[in-house]
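In: Would you be able to build a 3D model of this:
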Amino acid sequence: MPYSTDHDPGARAFSAHAGFRRSIGPAALASLLAAAASSPLAGQEIALAVGPTSGPAGAEVSVQVSGMPPGIPAVVGFGGIASPHEILGDALTDSVGALVLTDTIPSWVEAGRTYLFYVAFSDQRPVAFSAPFLVTDQDGTVRVRGRITEEGVTCTAMRGPADELYTLSGTLGPVSPGDEVVVVATVAEFSICMQGITLVVLEVEGANPPD
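Out: Residues are numbered from 1 along each chain as shown. Coordinates of the predicted model:
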């Protein structure tokens, strides 16, 4: 059965079985993100890598964490600004402070948005975040609204709705900095752009400014 918060309040994120999940709202997630900067380990070299870095709801992902203290309980969560967050799993770090979890992208995500994975201790205060994970449609394509910028070094750059950085390759057509566009694309497996999330553009549409 689920771990009760009547027990140790410092371990509320944990469960009595591996299938435990918990979702909370956007305000709580924003609080978690703000708390990361004040974490006692905020300055340490804790690394969190996710593979793959894009995919649809239900896609299997591997989360690898290194640089944590050895032999401690930790939780891995997933969420985004103005969206719920979900604890995907918990585990003890190994003798060198690493852990690996495999899980699936939650069903509540929205295609075309980016989300973050994070690792936290039992109080759910994040100590490290992943690079943005871009949710695609089931066929691997994605439709992203954004604004063309001048940031691109070798490729055209675009800022998304959450100010995430994309670089664009493929069929672009005439676009200029400041243009609001919607791109239909796939995510590049390998890129020469070396910035942000690289999209291989299939189609570009004009976009009205968001309300």
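In: When you work out contacts or count neighbours from here on, use the C-alpha atoms and nothing else.
Out: Fine.
In: residue contacts, the most centrally placed residue in the chain?
Out: By CA atoms, centre = their mean, the chain has its centre lying nearest to Leu116, at 2.0 Å. Contact analysis of Leu116 by CA atoms under 8 Å, 6 or more residues apart in numbering lists Phe78, Gly79, Gly80, Phe129, Ser130, Ala131, Pro132, Phe133.
In: quick one: which of those residues is most hemmed in?
Out: Gly79 (24 neighbours; other CA atoms under 10 Å).
In: now that one, which residues is it bridged with?
Out: Beta bridges link Gly79 to His85, Leu116 when assigned by DSSP bridges.
In: Relative to Pro177, how far out is it?
Out: To Pro177, Gly79 is 30 Å away according to CA to CA, to the nearest Å.
In: For the strand or helix carrying Gly146, name the packing helices and strands.
Out: Using DSSP states H and E, Gly146 maps to strand 141-149. Judged by 3 or more CA pairs under 8 Å, 6 or more residues apart in numbering; DSSP states H and E, the packing partners of strand 141-149 are strand 156-159, strand 180-187.
In: Listing partners with orientation, what would you give for that strand?
Out: strand 156-159 (antiparallel), strand 180-187 (antiparallel).
In: what comes up buried for the shortest one?
Out: The neighbour-count check on strand 156-159 (16 or more other CA atoms under 10 Å) flags Thr156, Ala157, Met158, Arg159 as buried.
In: dump the residue contacts of the last one.
Out: This points to Arg159. So, once contact is read as CA under 8 Å, 6+ apart, Arg159 ends up touching Gly146, Arg147, Ile148, Thr149, Leu165, Tyr166.
In: Specify which member of those is nearest to Thr53.
Out: Closest to Thr53 out of the contacts of Arg159 is Tyr166 (13.3 Å), distances taken as CA to CA.
In: which residues are contacting the host helix or strand of that closest one?
Out: Here Tyr166 sits within strand 165-170, counting by DSSP H and E. Here strand 165-170 makes contact (CA under 8 Å, 6+ apart) with 152, 155-160, 193, 195-202.
In: Which parts of the chain belong to which domain?
Out: As assigned by automatic domain parsing, the chain contains the domains 9-135, 141-206.
In: Could you export the ones you listed as a markdown table, including mean pLDDT?
Out: Below are these laid out as a markdown table (pLDDT from 0 to 100):
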| stretch | mean pLDDT |
| --- | --- |
| domain 9-135 | 78 |
| domain 141-206 | 93 |
